[in-house]
Each structure stands twice: as structure tokens, then as C-alpha cells.
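A.B. asks: Return a 3D structure for these sequence lines:
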Amino acid sequence: MKKALIVFTGLVLLIAGGAWYLLSGAGDLIRTQIEQQGSKYLDAKVSVAKVDLALTEGRMTISALNIKNPKGFSDNNAFSVDSITLDLGESMEEPYVVQTISINAPEILYEVDASGQGNLTVLKNNLVAKLPQTENAPPEKEGANPLLIVENVTVSDVRLSFNFEQFSTGDIQIDKKIYEVTLPTFNAGPIGQPNGMPADQVGLAVVNAMLDNVIAAAKAEAKKRLTEEAKKKVNEELDKQKEKLLDKASDKLKGLFN
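C.D. replies: Numbers count the residues shown, from 1 in each chain. Next comes the predicted model:
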């Protein structure tokens, strides 16, 4: 029972931070904390359908997590995923260990406004602005906010959509400004090594690391697509100019032989 309580407390603190919940109704309490804390730090609405705890297996599953776009962007979700699974290690003392956080097939929107600012960048900036100044600061009260280590965060099969319809591309008129691509699996961990991180900061650090990876991939993909479209337009213009030059040359040749 002692181990079960330690495991349970580590799970709850990972998401909520600084609280000791009773076993009864814990899933709903954790769900509420994810929504409240996530919305507060990201400055965008966060919703979760449910949280399931499998204490004997040392596992927690967060179902249907959605993060809305920040202000100034469309009403679409910036991030949606059917489930996130947390698997715990066997650690019996601080720092407690979460072996893996698995985020499978999330749908992520990278949207650019008229000024060139991305929605994911805004979410990241909102988060960073509210993060504690010292990430590895000790808990204020012993036992209330234990240290945790996340060994690995796996984000697989990201379905990335990026939309820059609102962004002007200048003289180069690009017809297609909405793309979808599947990103390869990437790891956004470890978190809190080697000495552990206060539990109420771990969830934020996971989101921050994931945003770093996705933003970099989205920018690279957008640049690639824009470059391809720009080259296509340039080649089309060159072909038009080539045809004009050929027509002019043809006219001159006709004049010579008439």
C-alpha cells in the first residue's frame, strides 16, 4: 500500500503540483487541474475528456486533450491528441521516476498571422513568461512538491498542418498556403535529470520541450514548401519571358526572309 500511495502521489503531483489528493475521484481532480493550470500557463483554453488511473500498473492515461489557439488566431485547436500515457518506474524515494510519457499521433496546427507570428510560438512565449525563474529550485515544503525525473518523452506520428493564408508573400503570389505533413517520431526528454525537478514544473517542461521540437520542424517544413512554390512561380515567369523572346525572335526572322 505504501508503494501504491507513493506512485499515486507522484502521478498527481506531476500534473497538478503541490497537492495530495484522496484516491476517490482522483481522475476528475487531476483532469480539472490539467485544464486549470494548462489554461493559466498557456493563456489558451485547455480541455481534457477524462483521466484514468491504473495504480497497480503504475500508469495514467489522459484522454482527448485539446489546446485551443491563442488570441489573435483562428478558433481551431492548436493541439489535439486522443491519449497521453505515463508509465512509472520503481523508484521509492526522491527523485521519483516517470519512465516514459507517450504522446501518440497528436494533431498540431501551425498557423501564421499577417505579421508572420506563429500560434505555437505565442503559446511557448506565454508558457515561458510564467515559468519559475529557477527550474530546479527546491520545493517550498518538504513532501508537498517532490522531485521527479522523466526519463523519456516520445512524440510519435505528429500530424502537422500549417496555414499561412494570412501571411503575405509579397510579389511572389503563392496559390497553396495550407499543407499537411506527418513528422517522424521524436524524443522531447529527458526532463529533470540528474537531480530531479519539482513536480509542479515537470508538466510545463514537457510541453515546452515538445513545442520547441514541433516549432522547429514546422518552420523548416514551411520554408521548404515556400521555397518550392517560389521556384515554381519563378520558373513559370521565366517560361513566359522565354516564350515572349521566342515570339520576338520569330517575328524578326520573318522580317528578314520576307
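
A.B. asks: starting at the chain centroid, how far to the helix or strand hosting Val128?
C.D. replies: Val128 belongs to helix 119-130 when elements are defined using DSSP states H and E. Mean C-alpha position of helix 119-130 versus that of the full chain (C-alpha atoms, centre = their mean, to the nearest Å) differs by 11 Å.

A.B. asks: helices or strands next to that helix in the packing?
C.D. replies: Counting by 3 or more C-beta pairs under 8 Å, 6 or more residues apart in numbering; DSSP states H and E, the packing neighbours recorded for helix 119-130 are helix 26-42, strand 77-88, strand 107-111, helix 199-257. Where C-beta positions appear, they are placed from N, C-alpha and C, glycine not excepted.

A.B. asks: looking at those, which is closest to Ser156?
C.D. replies: strand 77-88 (10.6 Å; C-beta to C-beta).

A.B. asks: who touches that closest one?
C.D. replies: 7, 10-11, 14, 44, 58-70, 96-109, 111, 119-120, 123 (C-beta atoms under 8 Å, 6 or more residues apart in numbering).

A.B. asks: Give me the buried entries from those residues.
C.D. replies: 7, 10-11, 14, 44, 58, 60-63, 65-70, 96-103, 106-109, 111, 119-120, 123 (16 or more other C-beta atoms under 10 Å).

A.B. asks: roughly how far apart are Glu229 and Asn104?
C.D. replies: 31 Å (C-beta to C-beta, to the nearest Å).

A.B. asks: my bad, Ser47
C.D. replies: Counting by C-beta to C-beta - Ser47 and Asn104 are separated by 19 Å.

A.B. asks: now do Val46
C.D. replies: 19 Å.

A.B. asks: Many thanks, I have nothing further to ask.
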